[in-house]
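Colleague: Pasting a predicted model and its sequence here:
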Amino acid sequence: MQNFCTEMIGGLRIRFRRLVNDVLFLDRFSQSCFIIGLVGIAMFGILFAIPHLYTDFGDTAVLIARAFGLFVAFQMFINWLCMKFIDNRYDPDRHGTLPEGIQMGQNISRLPASVPESKPVNENKRKTNGLNQRKSGSVMYVATEMPKTADDLPKRTAYPYFSWTPCLRCNRPRPPRCHHCPQCNICVLKRDHHCHFAGSCIGYRNLRHFSVFLFWATVATIFSTVHALPYYYYHVIQNTSFFDVLFPVAIARYLLGYICLRYALFVTLSWILITFLYWATSFLKIVVNLIMLGKTTFEADNKMELTDRRNLNDKLRSVYGKYWILNFIIPLQFLYEPDDDPINWPFVKA
Ligand SMILES: [Zn+2]
Ligand SMILES: [Zn+2]
């Protein structure tokens, strides 16, 4: 009997370890939390808070508030789908391969060709000048040799950040700002980060959806909080104890029969709401700041020296394409691609 129990526990432990080690586990777990959280917040507004807050204004006010809530939830959902399914991968046939005259590990932002496209540079001049570049700024360590055993790490070589570098996994050169994502197992153009909530990488083509999503997530969480506070004040606080503000206490007291399910659910959803409010506002602040600087999260985190010399309007077009503001109402990805060159980055100085 004891042997059987030990074997069973051992087997479960191995299974659990395998599940957690699976690179997709975090993606699946985060996406499930995200969906449950989003549905929870929507339920919260539509079922509880909205009808309560607008009783004095009649059914039309309730309808308008619910319609706005649904519009915001729809915007979040559609941009989440775009984040998840829009293809960011580097495709040499579509985007181009290592240009002739440029070497691997050569800082391309210091070539004369990196002046704006309105002033084309003679191709021959570009080739000769390119080799006489100054020493590059920031350095990135790139995996260049597979590890000998499973426990070893790959061998890494220093390359100037703004250069073409080899991708060990795809076995081909990749342009500056393009990084291989171990989770997605592709080379991602202008890779910002891997988003576990969407289960995909945020990069050149879906950064716009990530930022629009965060904008509407911030609106949604502020909208829900504004509706939740009076509901809490007029309904929940009068029917629960002070300690029920902590959701484990509220759940335990519901199970013991002291408070009703409605209030236990409200307190739990409020904690989810506060977490989402914090995430959405802090991520939105970071993304807006990065778009204004023309940098990616990777570049900011690793303190890469890099300057985008365009004005704010052009930086916005490099993310959203034409008519950037309209993206906050309809996804315009398929009409207007980002107005930038994801291979040569002619406006960046690094
Ligand atoms: Zn790759
Ligand atoms: Zn990824």
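Modeller: Yep, it's here. What you see is a predicted model, and the numbers here were worked out from it, not measured in a lab. Numbers count the residues shown, from 1 in each chain. Ligands and ions are numbered 1, 2, ... in the order given.
Colleague: Which elements pack onto the helix or strand where residue 275 lies?
Modeller: If you go by DSSP states H and E, residue 275 is part of helix 261-293. Applying 3 or more CB pairs under 8 Å, 6 or more residues apart in numbering; DSSP states H and E, one finds that helix 261-293 makes contact with helix 23-43, helix 207-231, helix 247-255, helix 297-301, helix 312-320. In this view, the C-beta of every residue, glycine as well, is placed from N, C-alpha and C.
Colleague: Identify the residue nearest residue 189 in space, chain neighbours excluded?
Modeller: Excluding its sequence neighbours, the residue lying closest to residue 189 (CB to CB, 6 or more residues apart in numbering) is residue 204, at 3.9 Å.
Colleague: where does the one you found land on pLDDT?
Modeller: Per-residue confidence for residue 204 comes out at a pLDDT of 95.
Colleague: Pretty sure it sits against residue 179.
Modeller: No. Using CB atoms under 8 Å, residue 204 is not in contact with residue 179, being 11.3 Å away.
Colleague: Overlap in contacts, the two.
Modeller: Common neighbours of residue 204 and residue 179, counting by CB atoms under 8 Å, 6 or more residues apart in numbering, are residue 188.
Colleague: Near ligand 2, which residues of the stretch 201-350 of the chain? Just list them.
Modeller: The stretch 201-350 of the chain has residues residue 201 near ligand 2, with proximity defined as CB under 5 Å from the ion.
Colleague: and the helix or strand where residue 237 lies, average pLDDT?
Modeller: Per DSSP H and E, residue 237 falls inside helix 237-239. When pLDDT is averaged along helix 237-239, the result is 85.
Colleague: just how off-centre is that helix within its chain?
Modeller: Helix 237-239 has its C-alpha centroid displaced from the chain centroid by 39 Å (CA atoms, centre = their mean, to the nearest Å).
Colleague: Please enumerate residues in contact with it?
Modeller: Against helix 237-239 from outside (CB under 8 Å, 6+ apart): 259, 260, 263.
Colleague: same question, stretch 254-274
Modeller: Here stretch 254-274 makes contact (CB under 8 Å, 6+ apart) with 37, 40-41, 43-44, 48, 221, 224-225, 228, 231-232, 235-236, 239-240, 244-247, 250-251, 253.
Colleague: Going through those, which ones are buried?
Modeller: 37, 40-41, 44, 48, 221, 224-225, 228, 231-232, 235-236, 240, 244, 247, 250-251, 253 (16 or more other CB atoms under 10 Å).
Colleague: Can you give me the buried ones in the helix holding residue 275?
Modeller: For helix 261-293, the neighbour count (16+ other CB under 10 Å) marks 263-270, 272-273, 276-277, 279-280, 283-284, 287, 290-291 as buried.
Colleague: Same check on stretch 79-99?
Modeller: By 16+ other CB under 10 Å, the buried positions in stretch 79-99 come out as 79, 80, 82, 83, 86, 88, 89, 90, 95, 98, 99.
Colleague: and stretch 198-211, is it in reach of ligand 1?
Modeller: No. Stretch 198-211 is not in contact with ligand 1 by CB under 5 Å from the ion; minimum separation 11.4 Å.
Colleague: So which bits of that stretch are buried?
Modeller: Within stretch 198-211, the residues that count as buried by 16+ other CB under 10 Å are 198-211.
Colleague: check contacts around residue 319.
Modeller: Residues near residue 319 by CB under 8 Å, 6+ apart: 207, 208, 211, 291, 338.
Colleague: can you tell me how far the closest residue in space to the fourth one that isn't next to it in sequence sits from residue 327?
Modeller: With sequence-adjacent residues excluded and distances taken as CB to CB, 6+ apart, residue 291 is closest to residue 319, at 5.6 Å. Taken as CB to CB, to the nearest Å, the spacing of residue 319 relative to residue 327 amounts to 9 Å.
Colleague: Got the confidence number for the residue of the stretch 201-350 of the chain found nearest ligand 2?
Modeller: Shortest the stretch 201-350 of the chain-to-ligand 2 distance, computed as CB to the ion: residue-wise this is residue 201, at 3.3 Å. In this model, residue 201 is scored at 95, pLDDT.
Colleague: Now for the residue lying closest to residue 89 once chain neighbours are set aside: which residues touch it?
Modeller: Once flanking residues are discounted, residue 89 sits nearest to residue 186: 4.3 Å by CB to CB, 6+ apart. Residue 186 makes contact with 88, 89, 90, 170, 180, 201, according to CB under 8 Å, 6+ apart.
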